[in-house]
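Novice: The following comprises the amino acid sequence and a computationally predicted model.
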Amino acid sequence: MIGVVLFLLFTVIPVVETYLIIEVGSRLGAVETVGTLVLAGLVGAWLGKRAGSTVLREIFEGLRRGEPPAVKLVEGLLALVGAVLLVTPGYLSDIVGILLLWGPVRRWLAPRVKDLAWAALTRRGFVFMGDGAPGPAMRARHEAEQKFEHPVVD
């Protein structure tokens, strides 16, 4: 699965991006095409900063209310990825970047990405304890606590 994803990321997507740039360039002209790509990069940097600031503010407000920050942290990561995609030259990456920076799409996508990441980590042996402490080192402690009637004391 990882091989397919890497193949798409580093081979197919750049070829599609190059094709789209050539097509747009043949219809708009070279200067206009470069201009749209530069403009998308500038807008991406501005929107990324704005979305990042918004997500950070929402994280801190949620922490003050006692809400766990997991989904908001994923939203921040999605905003960062969206900004990077907008700064990266290409029309396909610009479309995906704009979608990731658009609040409703990002808020819809973030819990799903968090759940996928949580499931992937759990399948790989991470044990998430009640206090939120993750990691493979916790697995041995968790298993030891399950074997004995009393918990392991540090």
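Specialist: Alright, I've got the coordinates. Residues are numbered from 1 along each chain as shown.
Novice: Could I get the average pLDDT for the longest helix anywhere in the chain?
Specialist: Ordering each helix of the chain by length in residues (DSSP state H) puts helix 30-64 first. For helix 30-64, the mean per-residue pLDDT is 89.
Novice: Same question for stretch 2-21.
Specialist: The model assigns stretch 2-21 a mean pLDDT of 89.
Novice: next one: that stretch to chain centre, how far?
Specialist: Distance of stretch 2-21 from the chain centroid (C-alpha atoms, centre = their mean, to the nearest Å) equals 18 Å.
Novice: tell me the helices in this protein, going along the chain?
Specialist: Going by DSSP H, the chain shows helices at 2-7, 13-28, 30-64, 70-87, 91-101, 103-123, 136-147.
Novice: Output the ones you listed as TSV; include the columns mean neighbour count.
Specialist: Heads up, the C-betas are built off the backbone N, CA and C, glycines and all. Converted to TSV, these look like this (neighbours: other C-beta atoms under 10 Å):
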stretch	mean neighbour count
helix 2-7	9
helix 13-28	13
helix 30-64	15
helix 70-87	20
helix 91-101	20
helix 103-123	13
helix 136-147	12
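Novice: State the mean pLDDT of stretch 80-93.
Specialist: On average, stretch 80-93 scores 91.
Novice: Please list the residues outside that stretch that contact it.
Specialist: 13, 16-17, 20-21, 24, 37, 40-41, 43-45, 47-49, 51-52, 94, 96-101, 106 (C-beta atoms under 8 Å, 6 or more residues apart in numbering).
Novice: Can you give me the first-to-last residue distance of it?
Specialist: 13 Å (C-alpha to C-alpha, to the nearest Å).
Novice: quick one, what contacts Leu63?
Specialist: Pro69.
Novice: Same question for Leu99.
Specialist: Counting by C-beta under 8 Å, 6+ apart, Leu99 has contacts 82, 105.
Novice: Look up how far Thr88 lies from it.
Specialist: Leu99 is 14 Å from Thr88, where distance means C-beta to C-beta, to the nearest Å.
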